[in-house]
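Visitor: turn this into a structure:
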Amino acid sequence: MIEEERKIVIPGEVIASGEDYLPSEGTERQGNDIIAIRYGLAEEQNRLVKVISLSGTYSARKGNVVIGECVNVTFNGWILDIGSPSNAFLPVSEFPKYVHADELEEFIKIGDIVAAKVMGVKRKSIDLSVKLRGLGRLNDGMIIKINSNKVPRVIGKGGSMINVIKDETKCNITVGQNGYVWIKGDTTEDELLAKNGILFVTENATINGLTEKLQEWFNKKNKGGKKNE
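Guide: Below is the predicted model:
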């Protein structure tokens, strides 16, 4: 049985033992043991054991929410750079409003930042949609890039980590599974505080009890009433 807190593991390390546990991402069964097959953070939920990688490039998966930059406009949609080996395509049919063929750039133009959901992944293409609430062009705010493999740590279990950052900074934050994060606050100061909070998490991703340490970090930053007026 593994500990409740996440711990860093290396390939070949035994994470859990017993038939009650099942291997998932980054793990495999060897006899009675579940072992790590990659370097990262071990986690067990509902007897399912996995390892969250701490390095590597983003690999798109169906259902992921990603953030990308529009790099081209075609006759039937938009091409986005989402930081993966293949660019992604957002077809007009997956836009929530009717868009005439000669009006595409009125809705999304080259250079715009867009939050979208991955609807399908093929060998050389990724299909996107912005029909769901909260998706589409992201106006104003700030974009930062983090290692995509540290996204689960930034979000936290049940959103615990990102909720601390949102509560402390009062910013709207969208975390793309591809490692791009959009931050929109009332002031630049709020956005920078949120950015630094996110970077604190990524720089200390292997520490146990990180949610509590993040709260302590904010308490020190806010000491003196700067954020508690």
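Visitor: how near is Val66 to Asp127?
Guide: Val66 sits 12 Å away from Asp127 when distances are taken as CB to CB, to the nearest Å. To be clear about C-beta, it is placed using only N, CA and C from the backbone, and glycine gets the same treatment.
Visitor: what sits closest to the spatially most central residue of the chain if chain neighbours are left out?
Guide: By CA atoms, centre = their mean, the chain has its centre lying nearest to Gln177, at 3.3 Å. Of all residues not flanking Gln177 in the chain, Asn64 sits nearest, at 4.0 Å (CB to CB, 6 or more residues apart in numbering).
Visitor: tally up the residues packed near the one you found, please.
Guide: 21 (other CB atoms under 10 Å).
Visitor: that one reaches Val118, doesn't it?
Guide: Yes: judged on CB atoms under 8 Å, Asn64 makes contact with Val118 at a distance of 4.5 Å.
Visitor: assign a three-state SS to Ile207, would you?
Guide: coil (DSSP: H, G, I helix; E, B strand; the rest coil).
Visitor: hey, what's the residue nearest to Gly12 when sequence neighbours are not counted bridged with?
Guide: Using CB to CB, 6+ apart and skipping the chain neighbours, the partner closest in space to Gly12 is Ile35 (6.1 Å). On the basis of DSSP bridges, Ile35 is bridged to Val14, Glu28.
Visitor: so how far is Ala42 from Ile35?
Guide: Taken as CB to CB, the span from Ile35 to Ala42 is 10 Å.
Visitor: and for the two, which residues touch both?
Guide: Ile15 (CB atoms under 8 Å, 6 or more residues apart in numbering).
Visitor: for Thr57, give its distance to Asn147.
Guide: 9 Å.
Visitor: sorry, that was for Gly185
Guide: For Gly185, the distance to Asn147 equals 23 Å [CB to CB].
Visitor: cool, and Gln215?
Guide: Taking CB to CB, one finds Gln215 at 23 Å from Asn147.
Visitor: who has more neighbours out of the two?
Guide: In terms of neighbours (other CB under 10 Å), Asn147 is the more surrounded of Gln215 and Asn147; the figures are 17 against 14.
Visitor: that one and Gly179 touch, don't they?
Guide: Yes: shown here, Asn147 and Gly179 form a contact pair, counting by CB under 8 Å, at 6.0 Å.
Visitor: mutual contacts of those two, please.
Guide: When CB under 8 Å, 6+ apart defines a contact, no residue borders Asn147 and Gly179 alike.
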